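Undergrad: have a look; sequence and predicted model below, questions after that.
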Amino acid sequence: MDDDTDIFDINPEEVWLEREAIAGFRVWHIIASVVGILLCLMIMVCCCIRFRIPRTKQEIEADYLRKQITKKFREKLQQIKNSEMDDMDLQKVCVHIQNEYLNLQASVESMNEKQNVKFKI
């Protein structure tokens, strides 16, 4: 046989790869597509999405405190009027919230002194 015709001879063990399976696609087309899609999903999950499990108790506690602080900060930001927000930046907002906190703390302390009861903020 000629070397050129050997290329086109199909090995009987690999005939199933060349059979048409779905909508004119061959079995190897479907296998390659599924493997490609799975590879893309694995790359997206492993590389693009950041998974991080805190390793120590201190990191877990620090994450919890950060979440609590940001939650309270968001709540305080919601209380600021829209008209006041037009001319504010982050530093002014922090000062505004800090002043509110100090005023609240002073009023609680004065109430504690009057009633002789101890409350904490």
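TA: Thanks, I have it. Numbers count the residues shown, from 1 in each chain.
Undergrad: and residue 85, how many residues sit next to it?
TA: 13 (other CB atoms under 10 Å). To be clear about C-beta, it is placed using only N, CA and C from the backbone, and glycine gets the same treatment.
Undergrad: same check on the one 3 residues further on?
TA: Under the neighbour criterion other CB under 10 Å, residue 88 is assigned a count of 14.
Undergrad: before we move on, what about residue 36?
TA: Neighbours of residue 36 using other CB under 10 Å come to 10.
Undergrad: buried set for the host helix or strand of residue 114?
TA: Here residue 114, judged by DSSP states H and E, is contained in helix 90-115. Counting neighbours by 16 or more other CB atoms under 10 Å, one finds that the buried residues in helix 90-115 are 93, 96-97.
Undergrad: now do that helix, average pLDDT.
TA: Across helix 90-115, pLDDT averages out at 79.
Undergrad: any idea how far residue 56 lies from residue 111?
TA: 40 Å (CB to CB, to the nearest Å).
Undergrad: so where's this protein shaky on pLDDT?
TA: 1-8, 10, 12-13, 51-54, 115-121 (pLDDT under 70).
Undergrad: going along the chain, name the strands of it.
TA: 20-22, 25-26 (DSSP state E).
Undergrad: parallel or antiparallel, list what pairs with the shortest one.
TA: Strand 25-26 has the following strand partners under DSSP bridges: strand 20-22 (antiparallel).
Undergrad: so what touches the partner strand?
TA: Identification of contacts with strand 20-22 by CB atoms under 8 Å, 6 or more residues apart in numbering yields 26-27, 30.
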